[in-house]
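A.B. asks: need a 3D model of the sequence below.
(chains A, B, C and D)
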Amino acid sequence: MSETRIKGWSRTEMAARAAADIPEGWAVNLGIGLPTLIANYVPAEREVMFHSENGVLGVGPAPDAGAEDIWLINAGKQPITLRPGASIVGQADSFGIIRGGHLDLCVLGGYEVAANGDLANWSTGKPGEAPAVGGAMDLGAGAKRVWVLMEHTTRDGRPKLVERCAYPLTALGSVTRIYTDLAVIDVTKQGFLLRDCAPGASHADVQVKTGATLHRQ
Amino acid sequence: MSETRIKGWSRTEMAARAAADIPEGWAVNLGIGLPTLIANYVPAEREVMFHSENGVLGVGPAPDAGAEDIWLINAGKQPITLRPGASIVGQADSFGIIRGGHLDLCVLGGYEVAANGDLANWSTGKPGEAPAVGGAMDLGAGAKRVWVLMEHTTRDGRPKLVERCAYPLTALGSVTRIYTDLAVIDVTKQGFLLRDCAPGASHADVQVKTGATLHRQ
Amino acid sequence: MIDKFVPDIDAALEGIGDGATIMVGGFGAVGQPHALVDALGERGLRDLTIIANNAGGDFGGLPKLIAQGAIRKVICSYPRASGKTAFDALYAQDRIELELVPQGTLAERIRAAGAGIPAFFTPTGAGTQLAEGKEIRIINGRPCILETALAAEFALIEAWEADRWGNLTYRRTGRNFNPLMASAATLTIALAHRKRELGAIDPDAVITPGLFVDRIFIAETTS
Amino acid sequence: MIDKFVPDIDAALEGIGDGATIMVGGFGAVGQPHALVDALGERGLRDLTIIANNAGGDFGGLPKLIAQGAIRKVICSYPRASGKTAFDALYAQDRIELELVPQGTLAERIRAAGAGIPAFFTPTGAGTQLAEGKEIRIINGRPCILETALAAEFALIEAWEADRWGNLTYRRTGRNFNPLMASAATLTIALAHRKRELGAIDPDAVITPGLFVDRIFIAETTS
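C.D. replies: Reported below is the predicted structural model:
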């Protein structure tokens, strides 16, 4: 296998790739950070109900500078707008939406995803550093589908798709799809299943950077 | 003891007697039937927040004939009005108010009350007849104080204040006071405690119609 | 474009068949979607399980459906009404099942189903006949009963305003069980009285967010 | 006449002493009653237990109270913020306790306290470190954790409108934990931005019914 340097998808391309797979009508929660970018690539005419766990259904685009409403933020504490059709609920109802399986999808960032769908994305377990979980465990356990949007490997090249998570778990067996800079991978009963590769990347290229068997369709 | 015929309080007098003991500011649920009359004897200027378990806090007086709002009923399915300051909640929140101990008082009807505060007011256990419980068990278990407003004896003269309830229980040890046609009785750790008698009735008169020891102050 | 409005009651009720488990909103007659329930009655269905607060009454809707013999089982808090009802007659003949649930427990079980809480402890009913056969645990010195979430395949609810995303408001005591049931059914069908443009309902005033609602039938009423 | 308005912040905070358990509303800075929290910080209190969603941040209010050393323990879902915070520093020195709770479980535990549900099962967190030491039960084939109600002596919350009975509305994402906390504290103290005559808030629009609220301080704001 030749060691060609594969460029892979950029962060915005990853977000756009995931956005393309979200059909109209879904209720979708986008995690803090990279997943938040997805909203930028869902055109307004394809109506998706974006949920924010602090009690919003119907998050709209970011406000113009100077037009922020101090009463409107998302889970990442960034200013937001509401789109027509938006609604506000309290925190128990917002997590009732999550835990009750009413979200068609949530897209989270990840430290590691295991071949059985286990997700680790909340703690690196560093001693002396306060852990913080937010809504990650509720989202991981509650949404109908959990997609993860993350780089395929760590900065020092270790796989983030693994046989078994080493980091503390967020949720058990809940991830159904992973979008990375290199590939789109489903998590099936058989394990990781390659669905799509970044331009120039082959199954073998992706397998070598993946810590578990990567099945082919 | 002379067998004088004691007239006792009328139903409206019983309701008025209980109403006199409700201080301003309390949140109060009045059970279906006799207890509902109590609201008529709380003057509007003594502000009491009447709760109805179908989701109202701030029930006002009955509407004039012809002025009923089809969207406004109480737990007895009678038309009601709202007073200024009223609020509407859904059924889970309404019973959260009840079960969460936020009602200062509920006043219920009763078949029997035991000396330990047990209440029986929902079923006579008649076979072939469908039982119906409504909110009685929630109210009996949830309110800060449970008062019972009922006749002192059954139509055939048997005591309704008893050592131990014979009818199926509604709630355990929750009744704190009883208003009957003959007396006002507290339920204490020692059992029934006579607080007030109807005009012409003595402790002995009330004791003879009571199925457990009636302590004196 | 998301558009949950349906043109007629047939489209609203599509897919409800024999043996279905159906929640029906309302407290007595108020907040019960009579037109939906009446239309359901015309379908000659059998063996339905109904989850509702009441089963008796002298109005149409649910009492009529019971009289039509469509219902195998009722899960409710108050099957009786003043005067004899169709439910009473069937019950006396052992032709209808009853699961009696304290009203607050009924509401909380439905809410739990909607909120993904599979079971909870409640002090309501502890020490009574309705606790028989249930797990009891003393918590903070008080006996409590373990109760489980109560879901349904369908919910028929009544709302006041609706927009095409399914956002709903309710009117006064018509709210009652309706928002809970909207959250606890696989398919939620709302009868609403006012059709609103998307964005016309203040986001703070929405009681049921649109994601809970699948179909909306606008009733032709002037009330 | 019921009148829950208080003339100043001192009257609002009366009775809060060392060692108190206090819920503070808000998600980040939004919906947090900064003026109440700041005034609490001026009292030189010690050993407080704070229940709130966040503990970090670069605004006043709770982060400032933490920096003042008033707090012994925080129960929250997200103590961190971008950049180092006073909480981080105290935590690294083992000078502040943390009970970390998943956000939905935190909300549900507070709601449970307000609604008289002593404990409930949830799938959230099953199989994770945050489930360690907790009772696990398989329900409908899924491992669930038993979680208990979380109450407090005091709640400091932020509302939008208030009337003298204590009825409250909230504004947009300022709602968050505030209505839950109002229901779960022995004494609830609200900072509100708009004083309304009794009856001026539509009964259908009230989010927190007055019986949950004990004191209301009207903030002098123009926002």
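A.B. asks: surely residue A:86 touches residue A:58?
C.D. replies: Yes: between residue A:86 and residue A:58 there is a contact under C-beta atoms under 8 Å: 2.9 Å. All C-beta atoms are positioned from the backbone trio N, CA, C, and that covers glycine.
A.B. asks: mutual contacts of these two, please.
C.D. replies: residue C:203 (C-beta atoms under 8 Å, 6 or more residues apart in numbering or on different chains).
A.B. asks: tell me the pLDDT of the residue sitting furthest away from the middle of chain C.
C.D. replies: Of all residues in chain C, residue C:141 has its C-alpha farthest from the mean position, at 34.0 Å, by C-alpha atoms, centre = their mean. pLDDT recorded at residue C:141 is 95.
A.B. asks: repeat for the one 4 residues further on
C.D. replies: We note a pLDDT of 98 for residue C:145 in this prediction.
A.B. asks: that one: what's it in contact with?
C.D. replies: C:121, C:122, C:123, C:124, C:125, C:126, C:131, C:134, C:135, C:136.
A.B. asks: could you redo the last one with a cut-off of 6 Å?
C.D. replies: C:122, C:125, C:126, C:131, C:134 (C-beta atoms under 6 Å, 6 or more residues apart in numbering or on different chains).
A.B. asks: which residue ranges of chain C form helices?
C.D. replies: C:9-13, C:34-41, C:62-67, C:86-92, C:103-115, C:178-184 (DSSP state H).
A.B. asks: backbone dihedrals for the nearest residue to residue C:211 once chain neighbours are set aside, please?
C.D. replies: Counting by C-beta to C-beta, 6 or more residues apart in numbering or on different chains, residue C:211 lies nearest to residue A:27, which is 4.1 Å off, once chain neighbours are set aside. Dihedral pair for residue A:27: phi -100, psi 120, per degrees, to the nearest 10.
A.B. asks: per-residue pLDDT, residue A:27?
C.D. replies: Confidence score, pLDDT, at residue A:27: 98.
A.B. asks: I'd guessed residue A:181 sits against residue A:9; true?
C.D. replies: Yes: the pair residue A:181 / residue A:9 is scored as a contact, 5.0 Å apart, by C-beta atoms under 6 Å.
A.B. asks: number of residues surrounding residue 113?
C.D. replies: All of this refers to chain A. 31 (other C-beta atoms under 10 Å in any protein chain shown).
A.B. asks: let's do chain C instead
C.D. replies: So residue C:113, with other C-beta under 10 Å, has 23 neighbours.
A.B. asks: quick one on the thing from earlier: and the residue farthest from the centre of chain C, how far is that from chain B?
C.D. replies: Separation of residue C:141 from chain B (C-beta to the nearest C-beta, to the nearest Å) stands at 12 Å.
A.B. asks: where's the residue nearest to residue C:211 relative to chain B, distance?
C.D. replies: 21 Å.
A.B. asks: quick one: name the residues of chain C near chain A.
C.D. replies: Residues of chain C lying close to chain A (C-beta under 6 Å from any C-beta of the partner chain) are C:2, C:114-116, C:165, C:167, C:198-199, C:203-204, C:206, C:209, C:211.
A.B. asks: would you point out the most distant pair within the residues you listed?
C.D. replies: Greatest spatial distance in the residues of chain C next to chain A: C:116 and C:199, 29.1 Å, computed using C-beta to C-beta.
A.B. asks: more neighbours, the two?
C.D. replies: Set side by side, residue C:116 and residue C:199 give different neighbour counts by other C-beta under 10 Å, the larger being at residue C:116 (25 against 16).
A.B. asks: isn't that one up against residue A:98?
C.D. replies: No: between residue C:116 and residue A:98 there is no contact under C-beta under 6 Å: 7.6 Å.
A.B. asks: need the residues touching each of those two.
C.D. replies: Joint contacts of residue C:116 and residue A:98 (C-beta under 6 Å, 6+ apart) are residue A:142.
A.B. asks: list the contacts for the residue nearest to residue C:79 when sequence neighbours are not counted?
C.D. replies: Once flanking residues are discounted, residue C:79 sits nearest to residue C:55: 3.9 Å by C-beta to C-beta, 6+ apart. For residue C:55, the contacting residues are C:74, C:76, C:79, C:87, by C-beta under 6 Å, 6+ apart.
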